[in-house]
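> Build me a model from this:
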Amino acid sequence: MLASRPVRAAGERVGGLWPAAAAGGLCFCAFFFGAGDSPAPLVWIGAIALVLAALLLAEPVALDRPALLLVCGLAGLAIFCGVSLVWSLSPDSTWTYTNRTLVYLAFALAGLLLGVRVTRAGAALAAAALLGLVVGWALLAKCVPGLYTDYGRLARLRAPLDYWNELALLCAAGVGVALWLAVGRRRLEGVVLLYGLVVTLLLTYSRFGVLLAGAVAVVWILVDARRVESMAVLVVGGGAGVAVFGVALALHGITSDGEPRHVRAHDGLIFAVVVLAGAGLVAAVGWALRNRAVRDATRAQIERGAAIGAVVVAVAGLAVAVVFAGHLWHEFTNPGNTQVRNATGRFATAKSDRWVWWQEAWHAFTRHPVGGTGAGTFGLENQMLRRAPVVVDEPHNTPLQFLSETGLIGFALYALTAAGALWAAWRARRDPAGLALGLAVAAFFAHGVVDKDWNYVATCGPLFLVAGLLAARPTAARARRPLLALGALVVAFGVVYSLTAPWLAQRAYARGTESGARQAHSYDPLSVNALLLLATYEEQTNLKTALKYYGQAVNLEPQNATTWYELGAFYFRQKQWLRAYDALNNSYTYDRFGSAAQPCGLLDQARLKAHNYAPQAVLKRCPGLRRASSP
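Have a look, this model is predicted:
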């Protein structure tokens, strides 16, 4: 018996809910279980995203120019990252980076295919709910020491994303969503969300995050017609958030590093009371203002006064910038040989290590301008060029990173991806919910200029999903395409294997046994760690096979100081002094702060044994070394 029209309509509504619920759950998992930049969560979070995108392909979708730029650019970038395995300085890292890009492509496709099923207002409301959960947990973990014990080492707010700058990015991206919520029918919820975002953002100590949040608020006020309401929300929610942050500065258990647990518990209780009191005050003001209407004449006066005030502030800010521009630029470009402290004092300085890392990335690009050094390989460039014993894997500039690691081709594909996403965001600006989501996407790409966002599925995944959702266009036909979905599922399972293999290799390697090393090598033949562990075991029984494994590790990553050091140590143990010295010297060349640079270490000993010579500085530093004869 055929179902009646009401029954069919109800079935379609229910059928349309599951993709939205799945996408919301996927973003929730990315926020709370992304585990920072760890590759392990990519396996199951990426698998969910891939399967969801494949299933949604059963429904038709219209691909106009922004959507094509987004999807084709991101797909091309993932493919080219994989192709760079051929010349990569670290094929294993390139494989991991390719997997990340494929996962982000799955998020974008899921958003694109979901966009024809949900409204932008519904998506913005879901985004507000998820942001509220993130902010709530972030502040709760600061109040209760047992929820995030690492605050005893470093107080800078970072839970649940494990990296303060990514948490700051989410807060800045959420400002538009909170303002949309507050100036609409949910003023109470919106103003409380904005308050929570401001408190959380300030506790991350992210300088660019604060500037980015301010920029999002300014753009919202300029574009949205409800300027007076938005300014009122910013004054109430933002002002209360700044006041609570001021109280937090006086609580050492909240904003100081290295505080004992009992101090953090005591100050956490006080901070919890202050946060709740602030939220209650903000909610009360929002409730009182919920039905207040502003007369047109009053609105015009307020807007005129705000415009004059904004011009005064802008002129004053420009004057200050001109006066202090030289000092700020000198601070930024001369960070010294120490990392900038992760304390509240960051707000008073422009000092940063990024300028050094950007120079290193540019140096890599100028040597390999077309194809780069291979996706995910900046860490080896940093080891070779660094001026201090600080190791970083990314230059903290996503466009420059793709320029250095994938050359002009990869950079062009990243630019196409950004162009498609930003075009879709610009097109959605006339819809308030679309404007709020579009500002979040714009904030994401702006933040990528100063940080390593590509390493974090917690931000890249959900924000690419939002970009895809904004790029979606309704379709006229509703014919299903089950064969396409089935084919996409097959491809998705293939990509899931690509995600799983390196993870299984890491688990096998972590056992530290010979069988574990062999399993790790079978799962991931590009892993130099597995090869070096195999060589260690073979060295006990078969020197020829051990040397083969050491040689394979060096050939896989010829610019890796560790592989050269292990090869040199092997030759040293076999008393092949000249070969040991050459390998250890290569290790020192690729990392002047690595194992080969250890005073009185293997390199100094091998030099003396191979060439009967040691520099005077080494002899003074290492009285145990004796020259056999004069040089």
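> who does the host helix or strand of Ala310 touch, helix- and strand-wise?
Here Ala310 sits within helix 296-333, counting by DSSP states H and E. With contacts taken as 3 or more Cβ pairs under 8 Å, 6 or more residues apart in numbering; DSSP states H and E, helix 296-333 sits against helix 227-233, helix 354-367. C-beta: built from backbone N, CA, C; applies to glycine.
> Heading C-terminal from the shortest one, find the next helix or strand.
Spelled out, that is helix 227-233. helix 239-249.
> Next, the buried residues of that following helix.
For helix 239-249, a neighbour-count test (16 or more other Cβ atoms under 10 Å) marks 240-241, 243-245, 247-248 as buried.
> low pLDDT regions in the protein?
1-16, 60, 291-299, 302-303, 324-325, 327-328, 335-348, 350, 475-485, 626-631 (pLDDT under 70).
> center of it - which residue?
Asp453 (2.7 Å; Cα atoms, centre = their mean).
> And it, how close does it get to Pro462?
In this view, Asp453 and Pro462 are 12 Å apart by Cβ to Cβ, to the nearest Å.
> picking that back up, any chance of the buried residues of helix 239-249 in a markdown table, plus distance to Gly174?
Below are the buried residues of helix 239-249 laid out as a markdown table (distance: Cβ to Cβ, whole Å):
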| residue | distance to Gly174 |
| --- | --- |
| Ala240 | 16 |
| Gly241 | 13 |
| Ala243 | 20 |
| Val244 | 17 |
| Phe245 | 17 |
| Val247 | 22 |
| Ala248 | 20 |
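> Tell me which of the helices and strands packed on helix 296-333 sits most buried.
helix 227-233 (a mean of 21; mean count of other Cβ atoms under 10 Å).
> Just give me how far that one sits from the chain centre.
In terms of Cα atoms, centre = their mean, to the nearest Å, the gap separating the centre of helix 227-233 from the centre of its chain is 32 Å.
> What of stretch 402-414?
18 Å.
> and for it, what are the contacting residues?
Under the criterion Cβ atoms under 8 Å, 6 or more residues apart in numbering, residues 73-74, 76-77, 80-81, 84, 97, 361-362, 364-365, 368-378, 381, 395, 398-399 lie in contact with stretch 402-414.
> Apply 6 Å and report the result again.
By Cβ atoms under 6 Å, 6 or more residues apart in numbering, the residues outside stretch 402-414 that reach it are 73, 76-77, 80, 84, 361, 364-365, 369-373, 375, 377.
> how much space between Thr349 and Ser522?
Thr349 is 50 Å from Ser522, by Cβ to Cβ.
> sorry, that was for Trp329
52 Å.
> same check, this time on Tyr414
In terms of Cβ to Cβ, Tyr414 sits 34 Å off from Ser522.
> In terms of neighbours, single out the busier of those two.
Counted by other Cβ atoms under 10 Å, Tyr414 and Ser522 do not tie: Tyr414 has more neighbours, with 25 against 13.
> quick one, phi psi at the more buried one?
phi -60, psi -40 (degrees, to the nearest 10).
> measure it to Trp358 for me?
16 Å.
> before we move on, what about Leu69?
Taken as Cβ to Cβ, the span from Leu69 to Trp358 is 26 Å.
> now do Leu56
39 Å.
> Likewise for Pro474?
42 Å.
> for stretch 179-196, which positions count as buried?
179-184, 186-196.
> Look at that stretch and report the distance between its end residues.
13 Å (Cα to Cα, to the nearest Å).
> cool, stretch 108-127 as well?
Stretch 108-127: ends 16 Å apart by Cα to Cα.
> for stretch 586-602, same thing?
13 Å.
> hey, where'd the helices end up in the stretch 151-300 of the chain?
164-183, 187-203, 207-223, 227-233, 239-249, 252-255, 261-288, 296-333 (DSSP state H, counting those that start in this stretch).
> Could you tell me how many residues sit around Leu68?
Leu68 has 13 nearby residues by other Cβ under 10 Å.
> returning to that earlier point: right, so of the helices of the stretch 151-300 of the chain, which gets closest to Tyr104?
helix 164-183 (14.3 Å; Cβ to Cβ).
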